[in-house]
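Asker: sequence plus the predicted model coming up.
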Amino acid sequence: MNSFEKFLNKNQELFYQYHDCKIIYLDLNYWIDFIKFVNNIEVRKGIPELYKIILDNVEKKRAITLISDIHIRENFKKKKYNKYSSLIQIFQKFSKNFCIIPMIERELNELKYAVLFTKGKLIDFQERRKSIYTKPIFAYQANFPNFNEFENKEELENSYLNFSWEKSLTDIFLNPEMDLGKFQNIEDHEEEVFNILTTGKAENLNDSNSFDELLGKEIFGSLDFYTEYIPTALRNLGQKEDELKSETIAIRNHIFYILHKEKKFNLFPTVSIGAGIHSLIRWNKQMEYQKSLSFDILHSKVAIPYSDIFLTDGHISSLINNKQLKMINNFNCKVTSDPEIAIELLSHF
């Protein structure tokens, strides 16, 4: 068994450990509300009760909160280390270090399962979840060391994995040696995304005759970005090299058909969620992009496919639950911006 297989086994063990728990995903605003509450700062209605009921469910092992690399990235925007530190600590308190693999790995994992589905080798998308949850050391682009040159390779691999697996969020992200510089381009990225989306909406304001046509364009444009990764998935399935080019295009077109025509958005959540939200904003000519929306969408791409309850703000919640899009019907996730509705949902655990 190689290093990657051992890592996947660890992830699968974690999945089964929390298999019977409801998974809760909160955007950063809720976490900030929780910090205010514990510091006796006034918060919006419902937050104190929500804090208590989530923590109670976590301690009784009925629920767990999920932490992603998006939380860590957005958290660093705050710049003030005391706030950064407080958030990391409260992440750990509620999540018990239950995390999800980083963004690019999630996306490629979804693509792999989308290819399996189109090839008739997958029925249940829940299989995706079995390898997706992990511990903090592997939640933000951690590289697994190469021990191939050592005679005791397997012993070193096992020791490293077991040691790293026990490291907490505070061990890693509050470590003075942690290179926080890798997060410093977050605001630049947010600005870049905002400019691209705003310009794109203005330049293509009247290029679609229907919402469905616009949705198709958004889906195809998003999906096309991943086309170059399809051959790797096909090779892993034993596809012959001389068939890769034609099969790659066929698979991409098949995925597009399932997402757009059949509206099975769960086939490739990263593509469908992003494209769906972008389409709604582009179609509503009075609606404008907000800079914060870039992180809201990133959180949505994690929360909707991989959690049971997603607590977010009103704007993104209304987009996700939009009846015209009907996206949320594809997922077993309740999305709300109302703390009191969240309390009602949590009370049934």
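Answerer: That came through, no problem. Quantities reported herein were computed from a predicted structural model and do not represent experimental measurements.
Asker: what is the least confident helix or strand in the protein?
Answerer: Of all the helices and strands that make up the chain, helix 186-203 has the lowest average by mean pLDDT, DSSP states H and E, namely a mean of 65.
Asker: in the next helix or strand after that helix, which residues are buried?
Answerer: Sequence-wise, the next helix or strand beyond helix 186-203 is helix 211-224, with elements assigned using DSSP states H and E. Neighbour-count burial for helix 211-224 flags 214-220, 222-223 (criterion: 16 or more other CB atoms under 10 Å). Where you see a C-beta, it was placed from the backbone N, CA and C, and this is true even at glycine.
Asker: low-confidence ranges in the stretch 151-300 of the chain?
Answerer: For the stretch 151-300 of the chain, applying pLDDT under 70 flags the ranges 176-191, 193-194, 196-197, 200-205.
Asker: what segments of it are helices?
Answerer: Here the stretch 151-300 of the chain has its helices, by DSSP state H, counting those that start in this stretch, at 153-165, 169-173, 186-203, 211-224, 230-236, 244-260, 269-283, 293-306.
Asker: quick one on the thing from earlier: and the buried residues of helix 211-224, which is closest to Ser86?
Answerer: Closest to Ser86 out of the buried residues of helix 211-224 is Ser222 (35.3 Å), distances taken as CB to CB.
Asker: for the nearest residue to Ser68 once chain neighbours are set aside, give its distance to Leu26.
Answerer: With sequence-adjacent residues excluded and distances taken as CB to CB, 6 or more residues apart in numbering, Ser68 is closest to Val302, at 4.6 Å. In this structure, Val302 and Leu26 are 11 Å apart, going by CB to CB, to the nearest Å.
Asker: so between these two, which is more surrounded?
Answerer: Per other CB atoms under 10 Å, whichever of Val302 and Leu26 has more neighbours is Leu26, with 27 against 24.
Asker: and that one, backbone torsions?
Answerer: Phi and psi for Leu26, reported as degrees, to the nearest 10, are phi -110, psi 140.
Asker: quick one: neighbours of the closest residue to it other than its chain neighbours, just the number.
Answerer: The shortest distance from Leu26 to any non-neighbouring residue, by CB to CB, 6+ apart, is to Leu311 (4.7 Å). By the criterion of other CB under 10 Å, Leu311 has 29 neighbours.
Asker: ok, now which ones touch Leu311?
Answerer: 24-27, 30, 50, 336-337, 339, 342 (CB atoms under 8 Å, 6 or more residues apart in numbering).
Asker: again, 10 Å this time
Answerer: Applying CB atoms under 10 Å, 6 or more residues apart in numbering, we find Leu311 in contact with 24-27, 29-31, 33, 50, 54, 65, 299, 303, 317, 334-339, 341-342, 345-346.
Asker: one step back: now do the shared contacts for Val302 and Leu26.
Answerer: Taking CB under 10 Å, 6+ apart as the contact rule, Val302 and Leu26 both touch 66-67, 71, 310.
Asker: same list as before, the residues you listed that is, but in CSV and with secondary structure included.
Answerer: Listed next are those as CSV, based on DSSP: H, G, I helix; E, B strand; the rest coil:
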residue, secondary structure
Leu66, coil
Ile67, strand
His71, helix
Phe310, strand
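Asker: which one of the residues you listed is nearest Gln324?
Answerer: Nearest to Gln324 out of these is Phe310 (CB to CB; 19.6 Å).
Asker: find the nearest non-adjacent residue to that closest one, please.
Answerer: Ala303 (3.8 Å).
Asker: which ones are touching Thr134?
Answerer: Going by CB under 10 Å, 6+ apart, Thr134 touches 7-8, 10-11, 14-15, 97-102, 105, 142, 165.
Asker: quick one: which of those residues sit in helices?
Answerer: Among the contacts of Thr134, the residues falling in helices (DSSP state H) are 7-8, 10-11, 14-15, 105, 165.
Asker: state the number of residues packed around Glu192.
Answerer: Neighbourhood size, Glu192 [other CB under 10 Å]: 12.
Asker: check Glu5 too.
Answerer: Per other CB under 10 Å, the neighbour tally for Glu5 reads 9.
Asker: surely it forms part of a helix?
Answerer: Yes: applying three-state DSSP, one finds Glu5 inside a helix.
Asker: roughly how far does it sit from Phe310?
Answerer: Taking CB to CB as the measure, Glu5 falls 31 Å from Phe310.
Asker: same question, Met103
Answerer: 17 Å.
Asker: likewise Ile23?
Answerer: Separation of Ile23 from Phe310 (CB to CB) stands at 10 Å.
Asker: might one say that Val38 is in contact with Ile90?
Answerer: Yes: between Val38 and Ile90 there is a contact under CB atoms under 10 Å: 7.7 Å.
Asker: give me the more crowded residue out of those two.
Answerer: Using other CB under 10 Å as the criterion, Val38 and Ile90 rank with Ile90 on top: 18 against 13.
Asker: contacts only, for the more buried one.
Answerer: So Ile90 contacts 31-32, 34-35, 38, 51, 65, 169 (CB under 10 Å, 6+ apart).
Asker: re earlier: JSON lines for the buried residues of helix 211-224, including distance to Glu110?
Answerer: Conversion of the buried residues of helix 211-224 to JSON lines gives the following (distance: CB to CB, whole Å):
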{"residue": "Leu214", "distance to Glu110": "23"}
{"residue": "Leu215", "distance to Glu110": "19"}
{"residue": "Gly216", "distance to Glu110": "19"}
{"residue": "Lys217", "distance to Glu110": "21"}
{"residue": "Glu218", "distance to Glu110": "17"}
{"residue": "Ile219", "distance to Glu110": "14"}
{"residue": "Phe220", "distance to Glu110": "17"}
{"residue": "Ser222", "distance to Glu110": "12"}
{"residue": "Leu223", "distance to Glu110": "11"}
